[in-house]
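Chemist: with the input below, show me the fold.
(one chain, ligands or ions: 2)
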Amino acid sequence: MTSRETDPKEIQTLQREILRLKEEKNAVILAHNYQVPEVQEVADFVGDSLYLSRKAKESDASLIVFCGVHFMAETAAILAPDKKVLIPDVEAGCSLADSITADDLRHWKQQYPDAVVVAYVNTTAEVKAESDYCCTSSNAVKVVESIPEDREILFLPDVFLGAYVAKVTGRKIHIWPGECHVHAQIRLEDIDRLRTQYPDAEFLIHPECGCSTSCMYYAADGILDRSKTFILSTGGMVRRSKESPAQEFIVATETGLIYRLKKENPQKDFIPANPEAICEFMKKITLEKVYRSLRDEVFEVRVPEEIAKRARQAIERMVAIG
Ligand code: 13P
Ligand code: SF4
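Modeler: Residues are numbered from 1 along each chain as shown. Ligands and ions are numbered 1, 2, ... in the order given. Coordinates of the predicted model:
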């Protein structure tokens, strides 16, 4: 028997119902670039973490359905406290966000009492509340560069993004040893295999990848062509794919992004660096769950105001830096 999620007729029916409910309830649907195609298709905005945070803040809808993972919906709830923010499945978590707790951070801060804390957006609201700045993969370098040179920095929780930022900025940064289980498995061996197989391709590499720092050394040593190697957020990859004259791209991130890249560049080829790089948390959000979420207004994501207030400061500092 065909399931509702794979039968094209059922997909269309669900999509129509979602669009009708969206109008009726003055809702906006935000979807991360890793969402399944049929969910991306009903979204008002599809993008990376920073873009979606901005859209949540700017929106005048009274209801936000966040198709992404929990910390992203929390960020939307913090930035839009007057709106109801829903996540279609509460189990859409994030291994990276789970790698540090607010208690871990409080202990770490005790060892470096004068340090400035920069938290990647992939963290819980409690961790953000203990931080001075937030950042995403698209603005981590800018955020660190905005901090006076004489200040010590604690960067969390992604070890690969932290190493990348330290290398680009030349700053001495203490880095938390966390990682995303999906990006950590995109390794240098994958890049080595693909660079001989696709000598003309451009490399689009997410800074959370296990191979990101080595790829920067490769580009510096000429093993990878510097003009064809880009360390980018998922939104940066979409922009680069459109501007670039290249026909082939090796995409080192979660494979969900390929749908959007192909849709926006139908004549170009996109090869996943590791086809197994699939985030099971992102894929928890299905069209049927989006429909239920809008219909029953579940599951509301709330952040207690005393935590939201402190977290908001760190997020707004990031949004202001751009
Ligand atoms: P982007 O902000 O680049 O979309 O990344 C978010 C994320 O969760 C990567 O795994
Ligand atoms: Fe978290 Fe990794 Fe999934 Fe991104 S891909 S949401 S960092 S587990």
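Chemist: quick check: phi and psi on residue 29?
Modeler: phi -110, psi 120 (degrees, to the nearest 10).
Chemist: swap in residue 235?
Modeler: Dihedral angles for residue 235 - degrees, to the nearest 10 - are phi -70, psi -40.
Chemist: pLDDT value on the nearest residue to it once chain neighbours are set aside, please?
Modeler: Counting by Cβ to Cβ, 6 or more residues apart in numbering, residue 48 is the residue found nearest to residue 235 once chain neighbours are left out, at 3.5 Å. Quick note: C-beta positions are derived from backbone N, CA and C, even for glycine. We have a pLDDT of 94 for residue 48.
Chemist: then the one 5 residues further on?
Modeler: We note a pLDDT of 89 for residue 53 in this prediction.
Chemist: quick check: it touching residue 76?
Modeler: Yes. The criterion here is Cβ atoms under 8 Å, and residue 53 meets it with residue 76 at 6.9 Å.
Chemist: buried residues in stretch 183-198?
Modeler: 183, 184, 186, 187, 188, 190, 191, 194, 195 (16 or more other Cβ atoms under 10 Å).
Chemist: near ligand 2 at all, stretch 62-69?
Modeler: Yes. Counting by Cβ under 6 Å from any ligand atom, ligand 2 is contacted by stretch 62-69 at residue 69.
Chemist: buried residues, that stretch. List them.
Modeler: Neighbour-count burial for stretch 62-69 [16+ other Cβ under 10 Å]: 63, 64, 65, 66, 67, 68, 69.
Chemist: show the contacting residues for the fifth one.
Modeler: Residues near residue 67 by Cβ atoms under 8 Å, 6 or more residues apart in numbering: 29, 30, 31, 32, 35, 39, 43, 88, 285, 290.
Chemist: distance of it relative to ligand 1?
Modeler: Remark: distance between residue 67 and ligand 1 (Cβ to the nearest ligand atom, to the nearest Å) = 13 Å.
Chemist: look at that residue and report its pLDDT.
Modeler: At residue 67, the pLDDT recorded in the model is 98.
Chemist: from residue 207, how far out is it?
Modeler: 23 Å (Cβ to Cβ, to the nearest Å).
Chemist: so stretch 157-173, near ligand 1 or not?
Modeler: No. Contact of stretch 157-173 with ligand 1 (Cβ under 6 Å from any ligand atom) is absent, the minimum separation being 9.0 Å.
Chemist: how about that stretch: buried residues?
Modeler: Those would be 157-167, 169, 171, 173, for stretch 157-173 by 16+ other Cβ under 10 Å.
Chemist: and for stretch 276-291?
Modeler: Neighbour-count burial for stretch 276-291 [16+ other Cβ under 10 Å]: 277, 279, 281-291.
Chemist: what lies in contact with that stretch?
Modeler: Outside stretch 276-291, the residues touching it (Cβ under 8 Å, 6+ apart) are 4-5, 11, 14-15, 17-18, 21, 29, 32, 34-36, 38-39, 42, 65, 67-69, 87-89, 91-95, 182-183, 185-186, 253-256.
Chemist: next: stretch 247-254.
Modeler: So stretch 247-254 is in contact with 34, 182-183, 186, 190-191, 194-195, 198, 200-206, 208-209, 211-212, 215, 234, 237, 241, 257-258, 261, 267-274, 277-279, 282, going by Cβ under 8 Å, 6+ apart.
Chemist: I'd like the average pLDDT over stretch 107-117.
Modeler: pLDDT averaged over stretch 107-117 gives 98.
Chemist: got it, and stretch 136-156?
Modeler: On average, stretch 136-156 scores 95.
Chemist: residues from the stretch 101-250 of the chain in reach of ligand 2?
Modeler: 122, 180, 182, 183.
Chemist: which non-adjacent residue is nearest the last one?
Modeler: Counting by Cβ to Cβ, 6+ apart, residue 208 is the residue found nearest to residue 183 once chain neighbours are left out, at 3.8 Å.
Chemist: quick revisit: which of the buried residues of stretch 276-291 come close to ligand 2?
Modeler: Answer for the buried residues of stretch 276-291 near ligand 2 (Cβ under 6 Å from any ligand atom): 279, 281, 282.
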